[in-house]
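In: this one's sequence-less:
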């Protein structure tokens, strides 16, 4: 989501620093929907303000780290599967 999109949803501008935090939570918070996320984060902001968004940062960070761990694990699985295929003489 772009900053201007968020500002249009809430009806007023936010600072770049605030938007950075909002964007981080929007991207990584585990219960923000992939399809309704823009509306969800805008409602959270308008109903509860930045203090709630800031409180959500820690959990968003945990989710980001888990996402990176998952990406690494999937890469490792793919690597092992490719080695198995190579040993079997299958095309990669």
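Out: That came through fine. Keep in mind the model is a prediction, meaning the values are calculated, not measured. Numbers count the residues shown, from 1 in each chain.
In: residue 33 reaches residue 26, doesn't it?
Out: No - using C-beta atoms under 8 Å, residue 33 is not in contact with residue 26; the gap is 10.3 Å. Every C-beta, even on glycine, is put in place using the N, C-alpha and C of the backbone.
In: can you pick out the residue with more neighbours from the two?
Out: residue 26 (22 against 11; other C-beta atoms under 10 Å).
In: for the lengthiest helix in the chain, packing partners?
Out: When the chain is parsed with DSSP state H, its longest helix is helix 50-88. The contact analysis (3 or more C-beta pairs under 8 Å, 6 or more residues apart in numbering; DSSP states H and E) places helix 50-88 against helix 16-28, helix 37-48.
In: so which of the ones you listed gets nearest residue 59?
Out: Taking C-beta to C-beta, helix 16-28 is the member of the helices and strands packed on helix 50-88 nearest to residue 59, at 8.3 Å.
In: what is the closest one packed up against?
Out: Using 3+ C-beta pairs under 8 Å, 6+ apart, helix 16-28 sits against helix 3-10, helix 37-48, helix 50-88.
In: make a markdown table out of the ones you listed and add mean pLDDT.
Out: A markdown table is the format used below for these (pLDDT from 0 to 100):
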| stretch | mean pLDDT |
| --- | --- |
| helix 3-10 | 97 |
| helix 37-48 | 98 |
| helix 50-88 | 97 |
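In: nearest to residue 21, of those helices?
Out: Closest approach to residue 21 among the helices and strands packed on helix 16-28 (C-beta to C-beta): helix 50-88, 5.9 Å.
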